[in-house]
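A.B. asks: Take this sequence and fold it.
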Amino acid sequence: MTQVHEKERQLHREVAETVEASIPEVEVLAVELGGPEHITVYVDHPAGVDHALCERVTSELRSFLDRYRVDVSSPGFERPLRTRAHFERAVGQRVAVRTAVEVGGRKRFRGEVVDAGESAAIAIGEERVEIPYEAIVRGNLIEEGGKA
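C.D. replies: The predicted structure is shown next:
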């Protein structure tokens, strides 16, 4: 796995621990590096994500502001998918997935999530590909008619 993706995973653990411990029901979906000094934190909440929640999350991440410019965002239409629980909620929907290592000879996949068991099962035409969660670098819902 590349250094960038390992750093994102480490930051995700740190950010999730900080935010989820202090703001009830907030889930940190993903943390993405936008450069060496910029992170985007995608959050969700059962009641939705508004500007006030993003401000509150940003406030909880004060300790990161000395190292990073921090943007906090709702998941939007192209919701980030990284974990088994994320893929379980996406069964039946179209996704784009990129992996750190080759799976079945490639690293990029577009298709429909058909199962979320021990790995994410993606149907690409007639082919079914099992993608281990730990190999996923980026995963997003594809807005119908849109691009991911």
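A.B. asks: which of the residues in the longest helix along the chain are buried?
C.D. replies: Assignment by DSSP state H gives helix 3-22 as the longest helix of the chain. Neighbour counts using 16 or more other Cβ atoms under 10 Å place His5, Glu8, Leu11, His12, Val15, Ala16, Thr18, Val19 of helix 3-22 among the buried residues. From N, CA and C alone the C-beta is placed, and that goes for glycine too.
A.B. asks: repeat for stretch 78-88
C.D. replies: Of all the residues in stretch 78-88, those buried under the rule 16+ other Cβ under 10 Å are Arg79, Pro80, Leu81, Arg82, Thr83, His86, Phe87.
A.B. asks: Could you tell me which of the residues you listed belong to helices?
C.D. replies: Residues of the buried residues of stretch 78-88 located in helices (DSSP H): His86, Phe87.
A.B. asks: Reformat the buried residues of stretch 78-88 as a markdown table; add pLDDT and distance to Ser73.
C.D. replies: Output for those, formatted as a markdown table (pLDDT from 0 to 100; distance: Cβ to Cβ, whole Å):
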| residue | pLDDT | distance to Ser73 |
| --- | --- | --- |
| Arg79 | 92 | 11 |
| Pro80 | 94 | 10 |
| Leu81 | 95 | 15 |
| Arg82 | 92 | 15 |
| Thr83 | 93 | 18 |
| His86 | 94 | 16 |
| Phe87 | 97 | 20 |
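A.B. asks: In CSV, list the buried residues of stretch 78-88 along with distance to Val137.
C.D. replies: Formatted as CSV, those follow (distance: Cβ to Cβ, whole Å):
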residue, distance to Val137
Arg79, 16
Pro80, 11
Leu81, 11
Arg82, 9
Thr83, 13
His86, 14
Phe87, 14
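A.B. asks: Which two among the buried residues of stretch 78-88 are spaced furthest apart?
C.D. replies: For the buried residues of stretch 78-88, the farthest-apart pair by Cβ to Cβ is Arg79 and Thr83; their separation is 12.1 Å.
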